[in-house]
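Asks: Give me coordinates for this.
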Amino acid sequence: MSDDATFEQQALRCLDDVFRFSMSLTHNRDDAQDLVQETFLRAYRFWHTFQPGTDAKRWLFTICHHCFLRTRQRKRRVVEDDATPLESIGNVAGAAGGRAVDEYVLTQIDLGQALWNAIDRLAEPYRSVLILIDVHQQRYQAAAEILGIPTGTVRSRLFRARRQLWPVLEVYARDAGFSFAAAGGIR
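Replies: Next comes the predicted model:
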């Protein structure tokens, strides 16, 4: 099978997943499309480095994440990051008691933009880990490979990201009718 056919069969089938991942990073359809295009251009150019038998989606997520970071660095050089105040959101992520955000909870509370604003305010190492694990439901090992860090670092960053979201999101969770135990868990 030719390299083009192999690329089409293995990489292009992940196009929707890579687009969803890029949307979670950029929160802008046009930027996400640009990021996906850059990801697949790089993937095609370096397809010869892909190890057959490994997870193409993981490989593409890694490329996408690196492209996102490069794009973000370029934008920072041009425009100073404006520090808009962080909106409160009832800590759904933290309210889940340190576990992954429950899809049921997210469908019951209209968090929308406020949740993403809170996630966007996280420092980059924490933000990427949280998005990979809690939004895209990657396993710790997969996230570690995508980000190029040890699994223990993934766990540590995820813990810290959820802790940082807790106070920001707590107000919204209370408004939605969740009661909290003294230890900080949902009842």
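Asks: Look at the residue nearest to Arg157 when sequence neighbours are not counted and tell me its secondary structure.
Replies: Residue nearest to Arg157 in three dimensions, not counting chain neighbours: Val129, with 4.2 Å by Cβ to Cβ, 6 or more residues apart in numbering. Bear in mind the C-beta positions are built from the backbone N, C-alpha and C, glycine included. Three-state assignment for Val129 (DSSP: H, G, I helix; E, B strand; the rest coil): helix.
Asks: Who are the contact partners of Val129?
Replies: 143, 147, 154, 157-158, 161 (Cβ atoms under 8 Å, 6 or more residues apart in numbering).
Asks: ditto for Glu124
Replies: Going by Cβ under 8 Å, 6+ apart, Glu124 touches 69, 72.
Asks: Quick check on the contacts of Val129: which are buried?
Replies: Of the members of those, the ones counted as buried by neighbours, 16 or more other Cβ atoms under 10 Å, are 143, 147, 154, 157-158, 161.
Asks: Looking at the residues you listed, which is nearest Pro167?
Replies: When the buried ones among the contacts of Val129 are compared for distance to Pro167 (Cβ to Cβ), Ala161 comes out closest, at 12.8 Å.
Asks: Thought Ser128 was touching that closest one, still the case?
Replies: No. Here Ala161 lies out of contact with Ser128, judged by Cβ atoms under 8 Å, at a distance of 9.2 Å.
Asks: And for Arg29, nearest residue in space, chain neighbours not counted?
Replies: Of all residues not flanking Arg29 in the chain, Met23 sits nearest, at 7.1 Å (Cβ to Cβ, 6+ apart).
Asks: Spell out the secondary structure type for the one you found.
Replies: Counting by three-state DSSP, the backbone at Met23 sits in helix.
Asks: Can you give me the pLDDT of it?
Replies: With respect to pLDDT, Met23 has a value of 91.
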